[in-house]
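*Asks:* next one to model:
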Amino acid sequence: MFEKIYKQFDFIFNTMNQEIVPHTLVENVQKWLMYENQLKIIHEKTKLIRDQKQQLTQSICQHMNQKSTKQLHLSDGVLTVYEKKEYSPLTFTYIEESLGKIITDKTHVAYIIDHLKKNREVKTSHELRKTGKK
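*Replies:* Numbering: from 1, shown residues only. Below you'll find the predicted structure:
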(Lines give C-alpha, C1' and ligand atoms only; values in the text may rest on other atoms or scores of the structure.)
Protein backbone atom coordinates (compact mmCIF):
# COMPACT_ATOMS: atom_id res chain seq x y z
CA MET A 1 0.00 0.00 0.00
CA PHE A 2 2.77 2.42 0.93
CA GLU A 3 4.64 1.50 -2.23
CA LYS A 4 1.67 2.69 -4.24
CA ILE A 5 1.63 5.98 -2.28
CA TYR A 6 5.34 6.55 -2.91
CA LYS A 7 4.87 5.96 -6.65
CA GLN A 8 2.18 8.62 -6.61
CA PHE A 9 4.68 11.01 -5.00
CA ASP A 10 7.23 10.41 -7.71
CA PHE A 11 4.55 11.55 -10.12
CA ILE A 12 3.87 14.66 -8.01
CA PHE A 13 7.56 15.60 -7.95
CA ASN A 14 7.97 15.06 -11.68
CA THR A 15 4.90 17.10 -12.59
CA MET A 16 5.67 20.12 -10.44
CA ASN A 17 8.37 21.38 -12.84
CA GLN A 18 11.12 20.22 -10.51
CA GLU A 19 10.00 22.75 -7.89
CA ILE A 20 10.97 22.10 -4.31
CA VAL A 21 7.92 20.84 -2.47
CA PRO A 22 7.74 21.58 1.27
CA HIS A 23 8.25 18.48 3.38
CA THR A 24 5.01 19.11 5.28
CA LEU A 25 3.06 19.12 2.00
CA VAL A 26 4.55 15.75 1.08
CA GLU A 27 3.65 14.34 4.49
CA ASN A 28 0.13 15.78 4.31
CA VAL A 29 -0.47 14.31 0.86
CA GLN A 30 0.89 10.93 2.01
CA LYS A 31 -1.50 10.96 4.97
CA TRP A 32 -4.39 12.08 2.77
CA LEU A 33 -3.75 9.23 0.32
CA MET A 34 -3.48 6.73 3.16
CA TYR A 35 -6.78 7.93 4.66
CA GLU A 36 -8.42 7.92 1.22
CA ASN A 37 -7.40 4.30 0.71
CA GLN A 38 -8.51 3.31 4.21
CA LEU A 39 -11.91 4.96 3.71
CA LYS A 40 -12.35 3.14 0.42
CA ILE A 41 -11.71 -0.21 2.14
CA ILE A 42 -14.04 0.67 5.02
CA HIS A 43 -16.75 1.77 2.58
CA GLU A 44 -16.52 -1.53 0.69
CA LYS A 45 -16.66 -3.55 3.94
CA THR A 46 -19.59 -1.47 5.22
CA LYS A 47 -21.53 -2.08 2.00
CA LEU A 48 -20.89 -5.82 2.23
CA ILE A 49 -21.96 -5.96 5.91
CA ARG A 50 -25.06 -3.85 5.19
CA ASP A 51 -26.08 -6.20 2.35
CA GLN A 52 -25.55 -9.28 4.53
CA LYS A 53 -27.52 -7.71 7.39
CA GLN A 54 -30.39 -6.89 4.99
CA GLN A 55 -30.52 -10.50 3.80
CA LEU A 56 -30.63 -11.73 7.40
CA THR A 57 -33.31 -9.15 8.25
CA GLN A 58 -35.51 -10.43 5.43
CA SER A 59 -34.99 -14.03 6.51
CA ILE A 60 -35.73 -13.34 10.18
CA CYS A 61 -38.81 -11.22 9.37
CA GLN A 62 -40.11 -13.92 7.04
CA HIS A 63 -39.68 -16.54 9.77
CA MET A 64 -41.35 -14.32 12.39
CA ASN A 65 -44.27 -13.60 10.04
CA GLN A 66 -44.73 -17.33 9.38
CA LYS A 67 -44.84 -17.93 13.14
CA SER A 68 -47.15 -14.91 13.62
CA THR A 69 -44.86 -13.36 16.19
CA LYS A 70 -43.77 -9.75 16.43
CA GLN A 71 -41.02 -10.17 19.03
CA LEU A 72 -38.05 -12.38 19.81
CA HIS A 73 -36.77 -12.19 23.37
CA LEU A 74 -32.99 -12.04 23.58
CA SER A 75 -30.69 -12.22 26.57
CA ASP A 76 -30.05 -8.48 26.34
CA GLY A 77 -33.33 -7.18 24.95
CA VAL A 78 -36.12 -7.76 22.47
CA LEU A 79 -35.98 -7.97 18.67
CA THR A 80 -39.20 -6.48 17.29
CA VAL A 81 -40.63 -6.52 13.77
CA TYR A 82 -42.15 -3.18 12.83
CA GLU A 83 -43.44 -1.53 9.70
CA LYS A 84 -41.14 1.17 8.41
CA LYS A 85 -42.32 3.81 5.94
CA GLU A 86 -39.83 5.36 3.55
CA TYR A 87 -40.88 8.54 1.83
CA SER A 88 -39.58 9.47 -1.59
CA PRO A 89 -37.46 12.62 -1.71
CA LEU A 90 -39.01 16.01 -2.42
CA THR A 91 -37.77 16.61 -5.95
CA PHE A 92 -38.57 19.63 -8.06
CA THR A 93 -40.45 17.36 -10.46
CA TYR A 94 -42.66 16.05 -7.65
CA ILE A 95 -43.25 19.55 -6.26
CA GLU A 96 -44.12 20.88 -9.73
CA GLU A 97 -46.56 18.01 -10.39
CA SER A 98 -48.19 18.46 -6.98
CA LEU A 99 -48.51 22.23 -7.37
CA GLY A 100 -49.98 21.66 -10.84
CA LYS A 101 -52.83 19.73 -9.19
CA ILE A 102 -53.57 22.65 -6.85
CA ILE A 103 -52.74 25.71 -8.99
CA THR A 104 -54.33 25.71 -12.44
CA ASP A 105 -52.23 28.56 -13.86
CA LYS A 106 -49.01 26.92 -15.11
CA THR A 107 -47.15 30.23 -15.15
CA HIS A 108 -47.64 30.55 -11.39
CA VAL A 109 -46.35 27.02 -10.87
CA ALA A 110 -43.33 27.75 -13.08
CA TYR A 111 -42.70 30.97 -11.15
CA ILE A 112 -42.78 29.14 -7.80
CA ILE A 113 -40.45 26.38 -9.01
CA ASP A 114 -38.06 28.94 -10.51
CA HIS A 115 -38.09 30.91 -7.25
CA LEU A 116 -37.34 27.77 -5.21
CA LYS A 117 -34.47 26.79 -7.50
CA LYS A 118 -32.89 30.24 -7.57
CA ASN A 119 -33.23 30.96 -3.85
CA ARG A 120 -32.17 27.71 -2.21
CA GLU A 121 -29.15 27.82 0.03
CA VAL A 122 -25.86 26.86 -1.58
CA LYS A 123 -22.77 26.00 0.41
CA THR A 124 -19.40 26.04 -1.29
CA SER A 125 -16.35 24.21 -0.03
CA HIS A 126 -13.04 22.99 -1.40
CA GLU A 127 -12.44 19.28 -1.59
CA LEU A 128 -9.77 17.01 -3.01
CA ARG A 129 -10.60 14.33 -5.54
CA LYS A 130 -8.21 11.64 -6.66
CA THR A 131 -8.62 10.43 -10.23
CA GLY A 132 -6.76 7.73 -12.07
CA LYS A 133 -4.50 8.18 -15.07
CA LYS A 134 -6.20 8.26 -18.45
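*Asks:* what average pLDDT does stretch 38-52 get?
*Replies:* This predicted structure assigns stretch 38-52 an average pLDDT of 98.
*Asks:* so which elements touch the regular element (helix or strand) spanning Leu72?
*Replies:* Counting by DSSP states H and E, the element that carries Leu72 is strand 71-74. For strand 71-74, the packing partners by 3 or more C-beta pairs under 8 Å, 6 or more residues apart in numbering; DSSP states H and E come out as strand 77-80. For glycine as for every other residue, the C-beta is placed from the backbone atoms N, C-alpha and C.
*Asks:* how about the helices in the chain?
*Replies:* Along the chain, the stretches classed as helices by DSSP state H are 2-15, 23-66, 92-102, 106-119.
*Asks:* would you mind telling me which of those is nearest Tyr82?
*Replies:* Between Tyr82 and the helices of the chain, the tightest spacing by C-beta to C-beta is seen for helix 23-66, at 9.8 Å.
*Asks:* can you read off the pLDDT for Lys4?
*Replies:* The per-residue pLDDT reported for Lys4 equals 60.
*Asks:* start at 76 instead
*Replies:* Shifting the count to begin at 76 puts that one at Lys79.
*Asks:* quick one: low-confidence parts of the chain?
*Replies:* Scanning the chain with the threshold set as pLDDT under 70 gives 76-96.
*Asks:* so for it, the centremost residue is which one?
*Replies:* Closest residue to the average C-alpha location of the chain: His118 at 9.7 Å, with C-alpha atoms, centre = their mean.
*Asks:* so what's that residue up against?
*Replies:* For His118, the set of contacting residues under the criterion of C-beta atoms under 8 Å, 6 or more residues apart in numbering is empty.
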